[in-house]
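S.K.: Give me the fold of what follows.
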Amino acid sequence: MATAAAREAFDRHDWQAVVDTLDHDRSGLDTDDLALLGEAAWWLGDSPMSMEVSEKIFQQLRATGAEQQAADRALRLSLAWYTRGDLQVGAAWQARAHRLLSGLPRSALHGYLLYLDAAGDLDLTGDPAPAASAADEVSRLAEEFHDPALGCFALALRGMAAVRGGETSSGFADLDEAMLPVLAGQVDPLWSGDIYCTVIHLCDDLADLGRMRAWTDALARWATPLSQTFMFTGVTRIHELQLIAAEGDWDAVERELGDQSANLVGAHGWLAGEGYYTLGEVRRLRGDAAGARAAFAQARALAHDAQPGSAMLLRDEGDRDGAMNQLRVALADQNRLTRARMLLPAVELGLAAGEPAYAEALARELAETAAWYGTPGLQARADRAGAALLLARGEPAAAVPLLERSARVYREQRYRHASAIVHEQLAAAHHGLGDADRAEADEATAVAIYTRLGAAPDLARLRRHTRPGGLTEREVEVLRLVATGSSNQQVATALTISGKTVSRHLANIFTKIEVSSRTAAAAWARQHGL
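M.R.: Numbers count the residues shown, from 1 in each chain. Sure thing, here's the model as predicted:
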């Protein structure tokens, strides 16, 4: 019989053979055979087919009065629709599960529903108290019904609530422990994959690239052996590409991320949106405004807010007021943690728009958020915001230690573009302090990173401020004094450097501007406004 062949194919994980055997005539399939077909389609990454079959299973279960099994199917459909990115349909299936379970005796399924309720509420509001309370009840249900998956859910809820409550280290200890039943194969892959993605997204919100790498590696170790067509194999690659974007291999991001995101549309919509947003940011930073705008539009079509990238694209194009308005609207719709990714750009825009009081308020909020969660990435953002305020107020000495601390964090996190920005800010601070040599070194570092990345707008901005002839700031100072008729010794005294150093600078100057005498160098300086 065809169904016997399908079961044999299912047992050997030949998912395509299951679909080929059973999908020609679904009308004759009973609930068990439909379950085989739906799960095989899910393993093949065909979520739309899997969900369509699951809905047919639900209808058959309701028709036969199998209420508990129908509630289980409604819960799975709710999670599948949420993952797909359709929150309204997911909420409708969750409400069906509520109605069914309200009339049934207490069971493990009540714990699954409570986990889904609490995790969704935590993501929406950021309030840890209800999730912590729900974790205790889910834990009791796990013990009562000897369900290791519920034990995993309880630890995951407790961990996420602790992180949101500012207890980041203890929260991640619970999250690490939550994955032990997953690794032991005691948790359904549908629920396991959701937990992995939720925690990786949390790491991203915390700007904690170290933890994000560790969890992405763990997701890869879990997902890759299961099936190359498994949806979470594609999910893993998008998370890897998010990290690759931070590390600076933007060519790889451009090659892969669009296709990887497109493959997840209809299966894992919110992550597909994240993928398109990351692609848009890389394109924006490379100066591809049209490509960035297209990627941001694709992200928004998948319910991603595409911020702060969309606002910064407007800023890049000269519409500073429009950018500021976009960020004001976006900030109003976020909780404490998700606001953190927009605060630094809003501080910079506020300063550029002549709104120092607004910028200072946002910088204080970012500093408080960074202190609350205690992650290095958030602290680096807060330090950069504080340094921007100090530089705007003409206090470069106070800005330098904040920027140096940020630079250390970004080196450790391998966050290349952010490192370049900090070095550019350090160059400005050292110029303000009159330390031309250190300013030159920081600017050279920024230029080198921007060049490797292909960050054309950043390079163009720096070139607008570059001194003529490719001279360094110190070389300009030497040339100006020489042009007034100063001797090498007089230059050395004025700049507090040795005569030997003056000679070396002059040799470099002559080479760069292609002259062979002090008189010709002085004439060149006058011609170029020095």
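S.K.: Mind telling me what element the closest residue to Ala392 other than its chain neighbours is part of?
M.R.: Take Ala392 and drop its neighbours on the chain: the residue closest to it by Cβ to Cβ, 6 or more residues apart in numbering is Leu351, 5.1 Å away. All C-beta spots, glycine's among them, are computed from the backbone N, C-alpha and C. Assigned by DSSP states H and E, Leu351 belongs to helix 336-352.
S.K.: and the spatially closest residue to Arg416 that is not a sequence neighbour, what is it in contact with?
M.R.: The shortest distance from Arg416 to any non-neighbouring residue, by Cβ to Cβ, 6+ apart, is to Gly248 (3.6 Å). Applying Cβ atoms under 8 Å, 6 or more residues apart in numbering to Gly248 gives the contacts 414, 416-417, 449, 452-453.
S.K.: Which pLDDT value goes with Gly248?
M.R.: At Gly248, the model reports a pLDDT of 97.
S.K.: With Ala4 instead?
M.R.: So Ala4 comes in at 86 (pLDDT).
S.K.: Next one: it relative to Asp11, how far apart?
M.R.: 11 Å (Cβ to Cβ, to the nearest Å).
S.K.: returning to what we had before: so what touches the helix holding Leu351?
M.R.: By Cβ under 8 Å, 6+ apart, helix 336-352 touches 126, 164, 205-207, 307-308, 311-312, 315, 320, 323-324, 327-328, 330-331, 334, 356, 358-359, 362-363, 365-366, 369-370, 372-373, 378, 381, 384-385, 388-389, 392.
S.K.: Now with 6 Å, please.
M.R.: 126, 205, 307-308, 312, 323-324, 327, 330-331, 358-359, 362-363, 366, 369, 378, 381, 385, 392 (Cβ atoms under 6 Å, 6 or more residues apart in numbering).
S.K.: from what I can see Ala380 touches Ser406, true?
M.R.: Yes: Ala380 lies in contact with Ser406 (Cβ atoms under 6 Å); the separation is 4.3 Å.
S.K.: mind checking how far the helix holding Leu351 is from the chain centre?
M.R.: 15 Å (Cα atoms, centre = their mean, to the nearest Å).
S.K.: List the buried residues for it?
M.R.: 336-351 (16 or more other Cβ atoms under 10 Å).
S.K.: now the angle between helix 336-352 and the next helix or strand after that helix, please.
M.R.: Downstream of helix 336-352, the first helix or strand assigned by DSSP H and E is helix 356-373. Computed by axes from the mean of the first three to the mean of the last three Cα atoms, to 10 degrees, the angle separating helix 356-373 from helix 336-352 equals 150 degrees.
S.K.: For helix 356-373, the averaged confidence score.
M.R.: 97.
S.K.: Kindly export that helix (C-alpha atoms) in PDB.
M.R.: Provided in PDB are the C-alpha atoms of helix 356-373 (Å, rounded to 0.1, in the frame of the first residue of the first chain):
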ATOM      1  CA  PRO A 356      21.200  69.300  22.100                       C
ATOM      2  CA  ALA A 357      18.700  68.900  24.900                       C
ATOM      3  CA  TYR A 358      16.900  66.100  23.100                       C
ATOM      4  CA  ALA A 359      20.200  64.400  22.200                       C
ATOM      5  CA  GLU A 360      21.300  64.600  25.900                       C
ATOM      6  CA  ALA A 361      18.000  63.000  27.100                       C
ATOM      7  CA  LEU A 362      18.400  60.200  24.600                       C
ATOM      8  CA  ALA A 363      22.100  59.700  25.600                       C
ATOM      9  CA  ARG A 364      21.100  59.500  29.300                       C
ATOM     10  CA  GLU A 365      18.500  56.900  28.400                       C
ATOM     11  CA  LEU A 366      21.000  54.800  26.500                       C
ATOM     12  CA  ALA A 367      23.500  55.000  29.400                       C
ATOM     13  CA  GLU A 368      20.800  53.800  31.800                       C
ATOM     14  CA  THR A 369      19.800  51.000  29.500                       C
ATOM     15  CA  ALA A 370      23.400  49.900  29.100                       C
ATOM     16  CA  ALA A 371      23.900  49.900  32.800                       C
ATOM     17  CA  TRP A 372      20.700  47.900  33.300                       C
ATOM     18  CA  TYR A 373      21.600  45.100  30.900                       C
END
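S.K.: And that helix, how far out from the chain middle?
M.R.: 20 Å.
S.K.: Which strands or helices does whichever helix or strand comes after it pack on?
M.R.: Per DSSP H and E, helix 356-373 leads on to helix 376-392 as the next helix or strand towards the C-terminus. Applying 3 or more Cβ pairs under 6 Å, 6 or more residues apart in numbering; DSSP states H and E, we find helix 376-392 packed against helix 336-352, helix 356-373, helix 396-413.
S.K.: try 10 Å
M.R.: With contacts defined as 3 or more Cβ pairs under 10 Å, 6 or more residues apart in numbering; DSSP states H and E, helix 376-392 has these neighbours: helix 189-205, helix 209-223, helix 336-352, helix 356-373, helix 396-413, helix 416-432.
S.K.: Next, the angle from the last one to helix 209-223.
M.R.: What that stands for is helix 416-432. Using the same axes, to 10 degrees: helix 416-432 against helix 209-223 is 170 degrees.
S.K.: so how far is helix 416-432 off the chain centroid?
M.R.: 22 Å.
S.K.: distance of Ser484 from Gly434?
M.R.: Residue 484: Thr, not Ser. 19 Å.
S.K.: Pro48 now?
M.R.: 64 Å.
S.K.: Identify the residues contacting Met179.
M.R.: 152, 155-156, 187, 192, 195-196, 199, 215, 218-219, 222 (Cβ atoms under 10 Å, 6 or more residues apart in numbering).
S.K.: Including pLDDT and distance to Ser498, could the residues you listed go into CSV?
M.R.: Below are the contacts of Met179 laid out as CSV (pLDDT from 0 to 100; distance: Cβ to Cβ, whole Å):
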residue, pLDDT, distance to Ser498
Cys152, 97, 68
Leu155, 98, 65
Ala156, 97, 64
Val187, 95, 69
Ser192, 95, 66
Ile195, 95, 63
Tyr196, 96, 60
Val199, 96, 57
Trp215, 97, 54
Ala218, 96, 56
Leu219, 95, 58
Trp222, 94, 62
